[in-house]
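In: sequence-free structure coming up:
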Ligand SMILES: Nc1ncnc2c1ncn2[C@@H]1O[C@H](COP(=O)(O)OP(=O)(O)OP(=O)(O)O)[C@@H](O)[C@H]1O
């Protein structure tokens, strides 16, 4: 069962070289069990920092952060993270990469149970099938396309049956067609695995297609600007990207990103400048 995340008045500042950067201020957010929540916003608005704090990879400076009622004080097995760059071990095969985190756990245990290993093998085979990787079980990462490598990274993250999957622009380096395939795949994974997914992206269309709720963050300091429930059914297909509800939401979010990032005033200034040159 996935655990709810509760974030109250959370702030984060980075200090260094006589400078202080307020990366996050006053973040209040509840993320429900099994939710698929997506984050968008201008560069530098603190999306990755917030994700890393939820992962326990970064500490917060103020406020509270709880997972199932308990404070998050570091990484935990109930959370797994997938990054933009595949971070696979090049000397291990696909199957070995998927089983790697589980192997660390088994080796770390004082008593080694054969049953554990069998269960891990079964889980790895199931994930291999789920991610469409069966023909590549014995291949090495360098023999795979970017999309296939990212499937391996997702399978590896799912290996420990995490309640929460944290994804930081996982498809950012993929071409448009591969991204579409990955979108349907990750929604399928969400349905089957029932984990909560917290997904950071620059791509508004991706955020709407995947999420049940889109959170828009704004920069300087990083904060939540607005939230948008996605008016699409749980079962999604690519044609929905052309529906009036989808396009209206995309337009609203893009306009708000332009406003919060200062892009709108820059565009207006450019327009005035070119009008002046025409006169
Ligand atoms: N380790 C760090 N040390 C100092 N400043 C940092 C650190 N990590 C992030 N920051 C700063 O915190 C702010 C938020 O950064 P963050 O990477 O979380 O934003 P983001 O929304 O994920 O950006 P992008 O979309 O470009 O990835 C930025 O001003 C960034 O420079």
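Out: Yep, that arrived. Quick caveat, the model's predicted, so the values are computed rather than measured. Numbers count the residues shown, from 1 in each chain.

In: which stretch of helix or strand covers residue 12?
Out: Applying DSSP states H and E as the criterion places residue 12 in strand 5-16.

In: Now do the helix or strand that that strand is followed by against strand 5-16, angle only.
Out: Where DSSP H and E defines the elements, the next helix or strand beyond strand 5-16 is strand 19-31. Orientation check (axes from the mean of the first three to the mean of the last three Cα atoms, to 10 degrees): strand 19-31 against strand 5-16 gives 170 degrees.

In: List the contacts of whichever strand or helix holds residue 208.
Out: Using DSSP H and E, residue 208 sits in helix 204-210. Helix 204-210 is contacted by residues 36, 38-40, 171, 179, 183, 186-187, 197, 199, 201, 214, 230, 232, 236, 240-241, 246, 249-250, 253-254, 257 when judged by Cβ atoms under 8 Å, 6 or more residues apart in numbering. Heads up, the C-betas are built off the backbone N, CA and C, glycines and all.

In: hmm, 7 Å instead?
Out: Contacts of helix 204-210 with the rest of the structure, by Cβ atoms under 7 Å, 6 or more residues apart in numbering, involve 36, 38, 40, 171, 183, 186-187, 199, 201, 214, 230, 236, 241, 246, 249-250, 253-254.

In: Let me know the average pLDDT across it.
Out: Mean per-residue pLDDT for helix 204-210: 97.

In: repeat for stretch 98-115
Out: Computed over stretch 98-115, the mean pLDDT rounds to 53.

In: for the protein, which spans come out with low pLDDT?
Out: For the chain, applying pLDDT under 70 flags the ranges 1-3, 86, 101-119, 263-272, 277-279.

In: Flag every residue of it that's near the ligand.
Out: Within the chain, the positions near the ligand by Cβ under 6 Å from any ligand atom are 14, 21, 23, 41, 43-49, 202, 222.

In: The same query, at a cut-off of 5 Å, please.
Out: Proximity of the chain to the ligand, by Cβ under 5 Å from any ligand atom, involves residues 14, 21, 23, 43, 44, 45, 46, 47, 48, 49.

In: what's the farthest-apart pair in those residues?
Out: 14 and 43 (15.8 Å; Cβ to Cβ).

In: more neighbours, the two?
Out: Neighbour tally, residue 14 and residue 43, criterion other Cβ atoms under 10 Å: the higher count belongs to residue 14, 13 against 8.

In: What is the neighbour count of the closest residue to that one other than its chain neighbours?
Out: Nearest non-adjacent residue to residue 14, counting by Cβ to Cβ, 6 or more residues apart in numbering: residue 21, 4.6 Å away. Counted with other Cβ under 10 Å, residues neighbouring residue 21 total 15.

In: so whatever residue of the stretch 51-200 of the chain ends up closest to the ligand bridges to which residues?
Out: The nearest approach of the stretch 51-200 of the chain to the ligand comes at residue 200, 6.5 Å away (Cβ to the nearest ligand atom). As for beta bridges, residue 200 partners with residue 39, residue 168 under DSSP bridges.

In: can I assume it is in contact with residue 168?
Out: Yes - at 5.0 Å, residue 200 counts as touching residue 168 under the criterion of Cβ atoms under 7 Å.

In: Same drill for the two, tell me which one is more crowded.
Out: Remark: of residue 200 and residue 168, residue 200 carries more neighbours, 25 against 20, as counted by other Cβ under 10 Å.

In: Run through the residues that contact that one.
Out: 39, 47, 48, 51, 167, 168, 169.

In: For the nearest residue to the last one once chain neighbours are set aside, which three-state class applies?
Out: So that's residue 169. Using Cβ to Cβ, 6+ apart and skipping the chain neighbours, the partner closest in space to residue 169 is residue 84 (4.4 Å). Assigned by DSSP: H, G, I helix; E, B strand; the rest coil, the conformation of residue 84 is coil.
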